[in-house]
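Q: Here's my sequence, what's the structure:
(one chain, ligands or ions: 1)
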Amino acid sequence: MQLYHHPFSLNSQKVRLTLEEKGIDYTSHHVNPLTGKNMDAFFFSMNPSAKVPVFQNGSHIIYDTIEIIQYIERIAEKVSSGGNNLNLSSREVIGWMHKIQEWDAMYFSLFHVPEKYRLCVSKFLRRVIIARMAESPDLASAYHCKLRQAYDTDDKLKNADVLRRSENHLVRLLDEVELKLGETSYLAGEEFSLADVMLIPVLARIELLNLEDEYINSRPNIADYWVLVKQRPSYKKVIGKYFDGWRRRKTLLKTWCFIRVRSMLRKY
Ligand SMILES: N[C@@H](CCC(=O)N[C@@H](CS)C(=O)NCC(=O)O)C(=O)O
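A: Residues are numbered from 1 along each chain as shown. Below you'll find the model as predicted:
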């Protein structure tokens with residue numbers, strides 16, 4: 001089993017947390033969307049949306065985060081039960097998974113990145129797309145589509161309504177989570193579940209953007225829960241290793257330097 005993913009990608013974090021929690025072995029391929037590695041022809045021809053994560057098991061390829069997670073869950077259950085009585089997620093867990101996945105972190109994240117960095121990265125990525133398009137003319141129309149999407153995203157970031165809608169959506173979601181965590185220790189009951197796997201990267205993104213006072217610490221149940229789930233080995237391996245404390249600067253600086261140097265050398 002192969003996973004194409006990156007530590008920066010919220011959806012990749014959800015899948016990797018699932019793999020760690022379920023103890024499933026896989027081959028990991030890092031595809032950094034901020035440095036345009038997702039535009040490389042080998043990955044782009046398999047997945048013209050260029051989005052991560054992508055999960056591959058033999059000839060079976062899955063592009064949708066929730067489908068990947070449910071596939072991993074079925075594999076883990078088959079292994080542990082010998083193929084009998086699969087103990088899959090309850091309707092409540094699946095309901096939370098979809099509810100959390102409906103919130104798209106992209107605009108929210110981009111709005112909170114300082115403009116200087118955002119503009120530099122978006123210009124770099126457009127150049128990368130154009131360079132890859134020149135190398136693989138057979139994929140030109142898919143690359144064109146990606147380029148249009150990049151311009152469209154830049155346009156949307158000029159519209160304050162887009163941020164407001166995303167913030168309101170997040171506030172509604174967190175308010176509902178806060179209520180639920182007042183009744184149970186974890187999101188879908190007293191046991192850690194895939195609903196929690198979906199929520200942890202959202203809280204980690206809020207913390208990465210230095211917005212925890214506004215969105216986490218102002219909600220006491222979520223604040224306590226956040227301390228609790230950060231103790232899990234899966235969190236430490238998938239998120240903490242890259243973003244806790246001083247590691248955050250190192251992780252971000254590495255990607256930033258790559259983009260600056262490549263931009264200066266015009267090496268896309
Ligand atoms: N269809 C995917 C979307 C995944 C997605 O949005 N991935 C983001 C990172 S979290 C990405 O790869 N963005 C890079 C791009 O759009 O070029 C899903 O729902 O699982």
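Q: got the residues of this structure near the ligand?
A: Neighbours of the ligand within the chain, by Cβ under 6 Å from any ligand atom: Ser9, Leu10, Asn11, Pro33, Asn38, Ala50, Lys51, Val52, Tyr63, Asp64, Thr65. Glycine gets a C-beta too; all of them are placed from N, C-alpha and C.
Q: Show the pLDDT at the last one.
A: When you say that, I think you mean Thr65. At Thr65, the pLDDT value in this model is 98.
Q: How about the contacts made by it?
A: Counting by Cβ atoms under 8 Å, 6 or more residues apart in numbering, Thr65 touches Asn11, Lys14, Val15, Pro53, Gln101.
Q: where does the second one fall, phi/psi-wise?
A: I take that to be Lys14. Per-residue torsions, Lys14: phi -60, psi -40 (degrees, to the nearest 10).
Q: Same question for the fourth one.
A: Pro53 has phi and psi values of phi -90, psi 160 when expressed as degrees, to the nearest 10.
Q: In a markdown table, list the contacts of Thr65 along with distance to Phe108.
A: Formatted as a markdown table, the contacts of Thr65 follow (distance: Cβ to Cβ, whole Å):
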| residue | distance to Phe108 |
| --- | --- |
| Asn11 | 14 |
| Lys14 | 16 |
| Val15 | 20 |
| Pro53 | 19 |
| Gln101 | 14 |
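Q: circling back to that earlier point, include secondary structure when you put the residues of the chain next to the ligand into TSV, please.
A: Formatted as TSV, the residues of the chain next to the ligand follow (DSSP: H, G, I helix; E, B strand; the rest coil):
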residue	secondary structure
Ser9	coil
Leu10	helix
Asn11	helix
Pro33	coil
Asn38	helix
Ala50	coil
Lys51	coil
Val52	coil
Tyr63	coil
Asp64	coil
Thr65	helix
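Q: Tell me the most packed of these, by neighbour count.
A: Among the residues of the chain next to the ligand, Val52 has the most neighbours (other Cβ atoms under 10 Å), with 26 neighbours.
Q: For it, give me its contacts.
A: Counting by Cβ under 8 Å, 6+ apart, Val52 has contacts Tyr4, His5, His6, Ser9, Asn11, Ser12, Val31, Pro33, Asn38.
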